[in-house]
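# Sequence and predicted structure, then a few things I'm wondering about:
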Amino acid sequence: MTPLISVIIIAAIPIVLAIVLRVNAVFLFLSLMVGELMVTYLSNDAVTVAGSFSKGAQQDKLVPIILLWLPIALTLLFLRKSLPTSKLPLHIVPIIATGLAGAVLTLNLLSSSFQNGVYASQYGSTFKQIQDFIVVGAGILILLLVWATYRRPHHSEHGKHH
């Protein structure tokens, strides 16, 4: 399997699962960002803890990937059907953008030889050039989704007045 196809699969899995399980795109993106924060701030300590339980040459690569994707996996599990079917079409593009952002963040955690294999192709080269825009664009799409769909609770005029 070519590295570029692997990246496409990495992006496609959460996209398909989020659509099939009807998970709100906002929750999915929030989970991805929590995973990225966990990678940034907990990765070294988590690798050390994992190393005390088992010896493996790939722990330093595997642990950050687990930290990145664990919040998404739990969100898919616990928040399935959190999105009404009628609102799913509005969430499709942000879900796709979140899956692509997840692929970008995952690719940065993989070995440099794997990254070079992805970037060596024509599409991989383009992917490398736009990866920052993919992550930021996903965030902007999520904000637009929140602003477009959030409704403040209405206060009844028949309630108590103080």
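The structure has been received and is ready for your questions.
# Tell me the secondary structure of Leu62, please.
Assigned with DSSP: H, G, I helix; E, B strand; the rest coil, Leu62 falls in the helix class.
# How is the closest residue in space to Pro84 that isn't next to it in sequence assigned, secondary-structure-wise?
What sits nearest to Pro84 in space, not counting adjacent residues and going by Cβ to Cβ, 6 or more residues apart in numbering, is Arg22, at 7.7 Å. For the C-beta atoms, the positions are set from N, CA and C on the backbone; glycine is no exception. Three-state assignment for Arg22 (three-state DSSP): coil.
# in what helix or strand does the closest residue in space to Val7 that isn't next to it in sequence lie?
Leaving aside its chain neighbours, Val7 sits nearest to Ala103 (5.2 Å; criterion: Cβ to Cβ, 6+ apart). In this structure, Ala103 sits in helix 88-107 according to DSSP states H and E.
# With Leu110 instead?
Per DSSP H and E, there is no helix or strand for Leu110.
# And for Ser113?
According to DSSP H and E, Ser113 maps onto helix 112-119.
# Tell me the gap between that helix and the middle of its chain.
21 Å (Cα atoms, centre = their mean, to the nearest Å).
# Between helix 88-107 and that helix, find me the angle.
Interaxial angle, helix 112-119 versus helix 88-107 (axes from the mean of the first three to the mean of the last three Cα atoms, to 10 degrees): 130 degrees.
# Next SSE downstream of helix 112-119?
Next along the chain after helix 112-119, taking DSSP H and E as the criterion, comes helix 122-149.
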